[in-house]
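[1] the following block contains a protein sequence and its predicted model.
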Amino acid sequence: METVKNYLIDWAKHFIKNKDLVTRSIQSIEESKENADLLIIRTDKTQYVYVESILKQPELFFEKLNRERHITLFLLNCPDNIKMLQEVWNTIKHFSHLTIYFINPFSEETKWVIQPAMHERISDRDTFKTGLKSMSEQVAPITPEQLGKKIA
């Protein structure tokens, strides 16, 4: 049986490859390099991809990251991850090249995406939680347990 983590890494890899079909900037994709799940070497940058079903110990996770790197994080679209995003917002809004995808591979709409630094510049702080709720509702929620049952 394929684990949830492996399934999500494969999903992320296919998503990244499909997104690159037009620009063709990917030179190589390496797994488990430099503490990232995927290391994407592009013609113009190196992208560090992390994949987690639920981000446990988010403060520690983000503390270890280099804020100048191009970082992409894939997480399941579930209430725990949305709550985590709100809790660590004051930290992650300073990562200029951070992109977070909240995904459910089995939803009609499979993902929603946020770039915290950009979102912080253009969003209204008074409606922050409402905005996140609206974005997250575009994709059906899924827990790691539910995903595990679907891929078993």
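    Perfect, thanks for sending it. Numbers count the residues shown, from 1 in each chain.
[2] use CA for all of it now, contacts and neighbours both
    Noted.
[3] how far does the longest helix seen in the chain sit from its chain's centre?
    The longest helix of the chain (DSSP state H) is helix 4-19. Distance of helix 4-19 from the chain centroid (C-alpha atoms, centre = their mean, to the nearest Å) equals 11 Å.
[4] and if you look at stretch 41-59?
    With C-alpha atoms, centre = their mean, you get 7 Å for stretch 41-59.
[5] what's that stretch in contact with?
    With C-alpha atoms under 8 Å, 6 or more residues apart in numbering as the test, stretch 41-59 has contacts from 4-5, 8-9, 12, 25-29, 36-40, 69-76, 80-81, 84, 88, 143-144.
[6] got any ranges where this structure has weak pLDDT?
    Applying pLDDT under 70 to the chain picks out residues 1-2.
[7] quick one: the helices in it?
    4-19, 58-64, 79-92, 116-122, 128-136, 144-151.
[8] between helix 144-151 and the longest one, find me the angle.
    Using axes from the mean of the first three to the mean of the last three C-alpha atoms, to 10 degrees, the inter-axis angle of helix 4-19 relative to helix 144-151 is 70 degrees.
[9] on that earlier part again, for residue 105, find the nearest of the helices of the chain.
    Each of the helices of the chain has some distance to residue 105 by C-alpha to C-alpha; the shortest is helix 4-19, at 7.7 Å.
[10] contacts only, for residue 77.
    Residues near residue 77 by C-alpha under 8 Å, 6+ apart: 102-104, 111, 136, 139-143.
[11] out of the residues you listed, who has the most neighbours?
    Counting by other C-alpha atoms under 10 Å, residue 103 has the largest number of neighbours within the contacts of residue 77, with 26 neighbours.
[12] bridged to it, which residues?
    residue 76, residue 111 (DSSP bridges).
[13] that one contacts residue 82, correct?
    No. In this structure, residue 103 is not within contact of residue 82 by C-alpha atoms under 8 Å, at 11.5 Å.
[14] can I get the longest helix of the chain as PDB, trimmed to CA atoms?
    Coordinates of each C-alpha in helix 4-19 appear next as PDB, following Å, rounded to 0.1, in the frame of the first residue of the first chain:
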ATOM      1  CA  VAL A   4      -0.100   9.100   2.000                       C
ATOM      2  CA  LYS A   5       3.300  11.000   2.000                       C
ATOM      3  CA  ASN A   6       4.500   9.100  -1.100                       C
ATOM      4  CA  TYR A   7       1.200   9.600  -2.900                       C
ATOM      5  CA  LEU A   8       1.300  13.400  -2.200                       C
ATOM      6  CA  ILE A   9       4.900  13.600  -3.400                       C
ATOM      7  CA  ASP A  10       4.000  11.900  -6.600                       C
ATOM      8  CA  TRP A  11       1.000  14.100  -7.000                       C
ATOM      9  CA  ALA A  12       3.100  17.300  -6.400                       C
ATOM     10  CA  LYS A  13       5.700  16.100  -8.900                       C
ATOM     11  CA  HIS A  14       3.100  15.500 -11.600                       C
ATOM     12  CA  PHE A  15       1.500  18.800 -10.900                       C
ATOM     13  CA  ILE A  16       4.800  20.700 -11.200                       C
ATOM     14  CA  LYS A  17       5.700  18.900 -14.400                       C
ATOM     15  CA  ASN A  18       2.300  19.700 -15.900                       C
ATOM     16  CA  LYS A  19       2.600  23.300 -14.900                       C
END
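[15] done for today, thanks.
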